[in-house]
Each structure stands twice: as C-alpha cells, then as structure tokens.
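Trainee: what follows is a predicted protein model with its sequence.
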Amino acid sequence: MRLKAEQLAAHLDQPELKPVYYVSGDEPLQLQEASDQIRARARALGYEERVVLDVDAGFDWGRLHEAGANLSLFSSKRIIELRLGSQKPGREGGAALTDYTDGCSPDNLLLLTSGRIDRKTQQAKWFKALDRSGCWLQVWPVEPAGLPAWIMARCRRQDKRITREGAALIAQRVEGNLLAARQEIDKLALLVERPDIDSDDVLGLVVDSARYDVFDLIENVFLGNPERISRMLRGLMNEGVEPLNVYGALMWGVRRAGTIAHEIARGKPREQVLDAYRIMGRNRKGLNMLLRRFSPGSLSALLVEALEIDKALKGAAANDGWQLLEKFMFALAGHRLEKAR
C-alpha cells in the first residue's frame with residue numbers, strides 16, 4: 001500500500017496498524033517525523049518494546065528473524081526498527097525481508113527506514129512483499145519555491161503567524177535544510193511572545209549574539225560611512241558571525257530599498273511610501289541617502305552583482321566571501337573599491 005506524507009496522519013487514526021511500514025527518502029526531517037508518528041501511534045496501541053537494528057556492510061540478517069521470533073519478556077507487542085540508511089538489502093537481506101513478511105507476527109510491527117529508493121528497487125521481490133503486507137511512504141525534499149509556505153505552515157502548528165517576508169528570510173538562510181528551518185522556527189516560537197512574527201524578529205534573532213550590531217552596520221552602509229563599515233565588518237568577522245547572516249540581512253535591506261525606490265518612481269509620495277514601510281528616524285535618513293545615490297534601475301543592477309557574493313559564501317566560487325561583501329558594501333555606500341581589501 002502506497003501512502004503520501006499528507007495521508008499518514010489519517011491512516012494512523014485507524015484502530016489497527018499494518019504489520020510493516022517502510023519510510024524512505026533523502027530528507028532527514030520528514031523521514032524522522034514520519035517515523036516518529038508511526039512509533040507514537042504504535043506505542044498508543046500497546047507496542048511497548050522497541051528493538052533497533054542498524055544495517056551496515058557486515059550486518060547479520062539472521063538478527064531480523066530472531067527479533068521477530070523471540071518472545072518478549074516485557075510486553076506482548078514490539079516495534080522492530082530496521083534502519084537501512086544508504087545500504088541495499090542485497091540477496092541475503094532481500095530473502096530475509098521476504099521471509100519476515102511472509103510469516104510476520106501480528107504482535108510485531110516492522111518499521112523499515114532507508115534513503116530514497118528507485119524504480120528498479122520497487123520491482124524487487126522483497127519490496128513487493130513489503131508493499132503487500134504493509135505501507136510504503138516515500139518522503140521528498142521541499143522545493144525552494146515552496147519552502148516559505150512550508151515554514152509558514154510549521155509556524156501555525158506552534159500557534160504563530162509569520163509573514164511571508166519573514167518566512168522567505170528563514171528559507172534563504174537554511175538553504176533547503178528542513179532540520180535547520182525547524183530549529184529557527186522553534187527558536188522564534190520560544191523567544192517571540194506575541195502571536196505574530198515578522199522579518200524584523202527573524203533578522204534580530206539571526207544576529208542577536210553579535211557584539212557589533214548588524215543592523216547598525218547596514219545603516220552605516222546606507223548612510224555612506226566607509227570607515228565605520230570596515231571596522232564593524234571586521235568586528236563581526238572576529239566575533240565568528242556567519243557571513244551568510246550578514247549578507248542575508250543586507251540583501252533584505254537592499255531589496256526593500258529597491259521596492260521603495262520603484263514605488264516612488266511610479267509617482268507615490270515619498271513620505272507616504274516610507275510611512276507604509278515603517279521607515280522612521282535615523283533609518284529614514286539612511287534610506288533617503290541611499291535613494292539619492294542610486295536610481296531604481298541601479299539598485300536592481302546591484303542585486304544582480306550581489307549574486308557573486310552569494311556564490312562565494314556558499315562555496316560555489318573560489319573568491320573570498322568576506323572581501324566581496326566588503327567591496328559590495330563600499331559600493332552601496334558610494335565608495336567603489338577597485339580591489340577587495
């Protein structure tokens with residue numbers, strides 16, 4: 001029986017479980033959470049004992065038969081968890097799995113986990129035997145375009161509402177790593193007391209351990225203070241702050257400035273636009289100075305230029321990310337550097 005991830009909860013609400021569950025996929029968080037759901041439901045139905053078998057190159061497949069055949073000293077029902085990881089069962093393992101499913105006890109639940117499996121594996125005899133006896137669930141990574149929506153949904157599960165802009169900032173920071181995204185969401189849910197989370201909350205928690213304030217650095221970029229930019233950037237670097245965090249916060253500010261610039265260029269009153277984006281005090285002064293230095297088109301061109309920094313910080317280019325970041329900040333401040341310092 002094939003299941004999709006979104007069908008699992010409804011399936012587990014049934015009064016009885018299948019004797020076999022196979023969860024496969026290369027996305028660790030979804031693999032873990034699907035397995036946790038199955039374990040939790042099994043425990044609720046009286047499967048009190050758990051036997052874990054980690055499969056490696058020298059694994060003795062007779063242990064699976066022993067786990068299924070041995071009488072429990074503590075309970076009448078047990079979960080047998082077989083972790084394949086990236087291993088293939090091979091001929092011996094395939095035979096053992098087939099034998100197990102042919103004679104599996106109703107007092108045992110086999111939870112098999114592995115990496116993603118291909119079409120060829122799905123044609124194997126052992127897989128077909130598992131499919132007939134139980135349920136197979138293959139989990140898939142969340143596509144980058146869908147990650148902000150996934151983050152927003154996860155926040156709702158914690159009784160929080162996050163703006164799409166805030167969710168996009170988290171998505172940019174975690175690079176598709178759902179485990180890292182969950183950690184960020186958990187941190188926000190714990191530290192933001194009100195029900196609504198915005199991009200300022202996200203940015204604040206990204207850099208809350210830095211001695212040199214990243215927001216102050218960005219404000220000095222907008223104000224055009226090259227000496228302070230250089231000093232603060234080196235301070236952040238010495239503090240061990242991740243350059244991607246600085247880059248993410250900066251790009252958020254530049255993208256927002258570009259949006260504001262385009263709205264003003266289309267004829268909207270400047271003060272009305274700045275009020276709508278809640279740009280106040282010193283922040284308004286810095287943004288106005290940036291908008292005097294660059295046209296909307298120039299800001300868009302700078303965003304394209306920043307893609308090289310993104311590549312360097314993520315290891316896709318050989319350039320020094322910190323140096324490129326400094327050079328880019330100087331350009332935004334109105335002081336182009338011919339060479340990175």
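Mentor: Perfect, I can see it now.

Trainee: going forward, measure contacts and count neighbours with C-alpha atoms only.
Mentor: Will do.

Trainee: list the residues that contact G224.
Mentor: By CA atoms under 8 Å, 6 or more residues apart in numbering, G224 lies in contact with M289, L290, F330, L332, A333, G334, H335.

Trainee: which residues of this structure score low on pLDDT?
Mentor: Scanning the chain for pLDDT under 70 picks out 70-75, 175, 206-213, 282, 317-318, 337-341.

Trainee: go with 80
Mentor: Residue ranges of the chain with pLDDT under 80: 69-76, 104, 172-176, 203-214, 239, 278, 280-283, 315-319, 336-341.

Trainee: quick check: longest helix of it.
Mentor: In the chain, taking DSSP state H as the definition, the longest helix is helix 243-265.

Trainee: quick one: residues in contact with that one.
Mentor: Residues outside helix 243-265 that contact it (CA under 8 Å, 6+ apart) are 169, 172-173, 203, 206-207, 214-215, 218, 237, 270, 273-274, 287, 291, 295-296, 299-300, 303, 310, 313, 321-322, 325.

Trainee: in the stretch 151-300 of the chain, which spans are strands?
Mentor: With DSSP state E, counting those that start in this stretch, the ranges of strands along the stretch 151-300 of the chain come out as 161-162, 196-197.

Trainee: which of the ones you listed has the highest mean neighbour count?
Mentor: Neighbour counts (mean count of other CA atoms under 10 Å) averaged over each of the strands of the stretch 151-300 of the chain peak at strand 161-162, with a mean of 22.

Trainee: strands paired with it, and their directions?
Mentor: strand 196-197 (parallel) (DSSP bridges).

Trainee: quick one: distance of the partner strand to the chain centre.
Mentor: Offset of strand 196-197 from its chain centre (CA atoms, centre = their mean, to the nearest Å): 19 Å.

Trainee: what is the burial count for I185?
Mentor: 22 (other CA atoms under 10 Å).

Trainee: correct me, but it touches R157?
Mentor: No. With contact defined as CA atoms under 8 Å, I185 does not reach R157; the gap is 10.3 Å.

Trainee: turn the strands of the stretch 151-300 of the chain into TSV, columns for distance to S230.
Mentor: Converted to TSV, the strands of the stretch 151-300 of the chain look like this (distance: least, CA to CA, whole Å):
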stretch	distance to S230
strand 161-162	33
strand 196-197	32
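
Trainee: just checking, M1 touches G134?
Mentor: Yes. Using CA under 8 Å, M1 makes contact with G134 at a distance of 6.1 Å.

Trainee: more crowded one of those two?
Mentor: Between M1 and G134, counting by other CA under 10 Å, G134 is the more crowded of the two (20 against 13).

Trainee: what values do phi and psi take at the residue nearest to the more buried one when sequence neighbours are not counted?
Mentor: Excluding the flanking residues, the one nearest G134 by CA to CA, 6 or more residues apart in numbering is V20, at 4.4 Å. Phi and psi for V20, reported as degrees, to the nearest 10, are phi -140, psi 140.

Trainee: so how far is M251 from V20?
Mentor: V20 sits 48 Å away from M251, going by CA to CA, to the nearest Å.
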